[in-house]
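Asker: Following is a predicted model, sequence given first.
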Amino acid sequence: MKHIVYLSQAVQPLSDQQLEALLTQCQRDNARTGITGILFYSHGHIAQLFEGEPAVVDALFERIARDGRHSHVQKLVERPITARSFASWSMAFHPLQPAAFSALQAFLAPTRLPAVPATLSIADATLLELVRLAVLGAPPSHEYLQAFTPSGAADTPC
């Protein structure tokens, strides 16, 4: 297996209805092809980590890179993995109309993001946290801070 992490810009901001359609499409397509991962979207900024069999992951990235809804697609990481870090497809974003997404499965509000999976290397976990911050612009959750703070370290400025 392998995973890819990339950043991109939406050609135009997505409406709530477009985000809902994207989530539905991703869940359907990823379940069919064995892809798992996490996608962050906020105000036109996109970051994604997805994982699966190498041929499927490569084909998905090629489709994303050619997709007219994206611009400035930048692959940040492409690496073999021994285990999946995300058991199910999830999407995190700042909804334009929060009530419209309350019933969606696999929706994660930026404040309800899971802890960094232990299966990620520290380098990939750090990169995922940085791209999450770049896209969502929210301060890291307590769980993320714990993952990046050495045990017993004092809260002192660097």
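Answerer: Sure thing, it's come through.
Asker: Are there helices or strands packed against the helix or strand harbouring L133, and which ones?
Answerer: Element membership of L133, judged by DSSP states H and E, is helix 122-136. Judged by 3 or more Cβ pairs under 8 Å, 6 or more residues apart in numbering; DSSP states H and E, the packing partners of helix 122-136 are strand 2-10, strand 36-42, strand 45-52, strand 70-80, strand 90-93, helix 142-148. Every residue, glycine included, has its C-beta placed from N, CA and C.
Asker: Export the longest helix along the chain to PDB, keeping only CA atoms.
Answerer: In the chain, assigned by DSSP state H, the helix with the most residues is helix 16-33. Taking Å, rounded to 0.1, in the frame of the first residue of the first chain, the C-alpha atoms of helix 16-33 are listed here in PDB:
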ATOM      1  CA  ASP A  16     -22.800  23.500   0.400                       C
ATOM      2  CA  GLN A  17     -24.700  21.500  -2.300                       C
ATOM      3  CA  GLN A  18     -21.500  20.900  -4.200                       C
ATOM      4  CA  LEU A  19     -19.600  19.800  -1.100                       C
ATOM      5  CA  GLU A  20     -22.400  17.400  -0.200                       C
ATOM      6  CA  ALA A  21     -22.300  16.000  -3.800                       C
ATOM      7  CA  LEU A  22     -18.500  15.700  -3.500                       C
ATOM      8  CA  LEU A  23     -18.700  13.800  -0.200                       C
ATOM      9  CA  THR A  24     -21.300  11.400  -1.600                       C
ATOM     10  CA  GLN A  25     -19.200  10.800  -4.700                       C
ATOM     11  CA  CYS A  26     -16.000  10.300  -2.700                       C
ATOM     12  CA  GLN A  27     -17.700   7.800  -0.300                       C
ATOM     13  CA  ARG A  28     -19.100   5.800  -3.200                       C
ATOM     14  CA  ASP A  29     -15.900   5.800  -5.400                       C
ATOM     15  CA  ASN A  30     -13.500   5.200  -2.500                       C
ATOM     16  CA  ALA A  31     -15.500   2.300  -1.100                       C
ATOM     17  CA  ARG A  32     -15.600   0.700  -4.600                       C
ATOM     18  CA  THR A  33     -11.800   1.100  -5.100                       C
END
